[in-house]
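Chemist: Here's a sequence, model it:
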Amino acid sequence: MNYCRRCLYPENHPLNIVLDEKGICSGCRVHEEKAIIDWEPRKEKLGRIFDSYRSTSGKSYDCIIPVSGARDSYFIVHTVKNVYGMNPLLVTYNKHYNTDLGIRNLANLRIVFDCDIMTLTVNPETVKKITRATIRKAGSIYWHCLAGQTVYPVQVAVKFKIPLIIWGAHQGIDQVGMFSHLDEVEMTRKYRKEHDLMGIEADDLINEFDNIIEQDVIQFRYPDDKEIERIGVRGIYLNNYMRWDTKAQHEQMLGLYNYETAPQTGTFDRYNDVDCFNYSDVHDYIKYVKHGYGKITDHASREIRFGRISRDEGVELVKEYGITQPRNLPQFLEWIGITENSFHYLIDQHRNKKIWHRNEKWDWERIDGTQLRKETPDSFAIACTDKGLDFRITVPKKKSPDNKYILIGKGYVQSENL
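Modeler: Next up is the predicted model:
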């Protein structure tokens, strides 16, 4: 297995990363643009785009922003509303795996920005049926989250005739360098299907075996192209117009809006995905089984590119945080209603056989030659100008009573004394 000689990504990255003749990946090469692009003209261009969609009456929504109780939601809403003066409608897909902290962060976001928000909550039994099907077909417990998060904003845009959708970072740019920032790529149905949804559209799940009928997948259907063209729906990504650094952005927003952070199972990152029990846990374990690496590789590679840690330090972090067994698997199995043996049997069908093999004890182990190693040539390394990882841990506003998923939570933030 070949790995990037600068960051930690392997050549089998599911978003088709490319290693050049020097062994540097396309993600690292496109990241170099962040240091050489003049971002001020691009911010001005973003302002002109916003102006072209701004309501002349001031009584209508100017745009739609997909949000959650984590990731870069606070930064995106702050930028769009407080910096550029737009009037956004917030939309969120209920992922069902919600943490209490995530529910509070989402409520706090709505309140501090004084925004209207629309939420899509699909029938839990329907979500469970779909998840059982996507585990079997694609080894994914997160298909319904990715499908819902990427389709609900488009459905709302068509229904309420609000053509502009604002996203944060395009994963294909920021992670693997599939495009340049200068390409200004926008949201597409094709990218959503091929990469977000692993090639599976909602209608592909309809079958008798999983007892999924047409009514079950309606909420996950992408609007018809004619509807999208009639409204003129487009989705733009902020990272095409400003230098994207999620860690720095979170730390700026934490000082302004007092939302919560928390430790996670498989990474040192305390800011992203704290709203979900499974993203950096069960979902991450599955990612490791399928591709041989997890979120810790994503996060360490990001920090290497920004020069906050060295590659060798990143390798040590991968060893430290690498998932062997997910901590939150029992509650997921209880929620979906399958046994642990059944879960592992289904997930093992999707193991990458170029990475894993059965040993003499019939246990899965890595094939020699697929392990990540140190020894980066100095000529490929990025100088550490901001050495170390200091992620802020906030004091919880409320102690969660248990580890149960929260389907519906309060729409307001309780006093810290209650």
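
Chemist: Now do stretch 361-381: everything it contacts.
Modeler: Applying CB atoms under 8 Å, 6 or more residues apart in numbering, the contact partners of stretch 361-381 are 1, 3, 5-6, 8, 10, 22-24, 292-293, 297, 310-312, 315, 318, 348, 351, 354-359. To be clear about C-beta, it is placed using only N, CA and C from the backbone, and glycine gets the same treatment.

Chemist: For residue 109, give me its contacts.
Modeler: With contact set as CB under 8 Å, 6+ apart, residue 109 has these partners: 67, 69, 73-74, 77, 90, 115, 257, 259.

Chemist: Among those residues, show me the least confident.
Modeler: Across the contacts of residue 109, the bottom pLDDT score, 93, is held by residue 69.

Chemist: Which helix or which strand is home to it?
Modeler: Take DSSP states H and E as the rule and residue 69 turns out to sit in neither a helix nor a strand.

Chemist: For it, the count of nearby residues, please.
Modeler: 27 (other CB atoms under 10 Å).

Chemist: Quick check: it vs residue 274, distance?
Modeler: 8 Å (CB to CB, to the nearest Å).

Chemist: Could you tell me which residues touch both of the two?
Modeler: 99, 101-102, 105.

Chemist: right, and out of these, which lies closest to residue 281?
Modeler: Closest approach between the shared contacts of residue 69 and residue 274 and residue 281, by CB to CB: residue 99, at 10.8 Å.

Chemist: neighbours around residue 363, how many?
Modeler: Counted with other CB under 10 Å, residue 363 comes out at 8.

Chemist: Repeat that for the one 3 residues further on.
Modeler: For residue 366, the tally of surrounding residues (other CB under 10 Å) stands at 13.

Chemist: wait, isn't residue 75 in contact with residue 250?
Modeler: Yes: contact criterion CB atoms under 8 Å: residue 75 and residue 250 qualify, at 7.1 Å.

Chemist: hmm, who's touching the helix or strand hosting residue 52?
Modeler: Per DSSP H and E: residue 52 is located in helix 39-53. Here helix 39-53 makes contact (CB under 8 Å, 6+ apart) with 62-63, 80, 84, 86, 163-164, 236, 238, 240-243.

Chemist: roughly how far is the very next helix or strand once past it from the heart of the chain?
Modeler: Sequence order places strand 63-66 as the next helix or strand after helix 39-53, per DSSP H and E. When distances are taken as CA atoms, centre = their mean, to the nearest Å, strand 63-66 is centred 16 Å away from the chain's centroid.

Chemist: Let me see the mean pLDDT of strand 63-66.
Modeler: The pLDDT scores in strand 63-66 average 98.

Chemist: can you check stretch 353-360 too?
Modeler: 94.

Chemist: And for that stretch, what's in contact with it?
Modeler: 1, 12, 289, 291-292, 364-367, 370.

Chemist: Go through the contacts of residue 109 and flag which are in helices.
Modeler: Residues of the contacts of residue 109 located in helices (DSSP state H): 73-74, 77, 257.

Chemist: Among the residues you listed, name the buried ones.
Modeler: 73-74, 77, 257 (16 or more other CB atoms under 10 Å).
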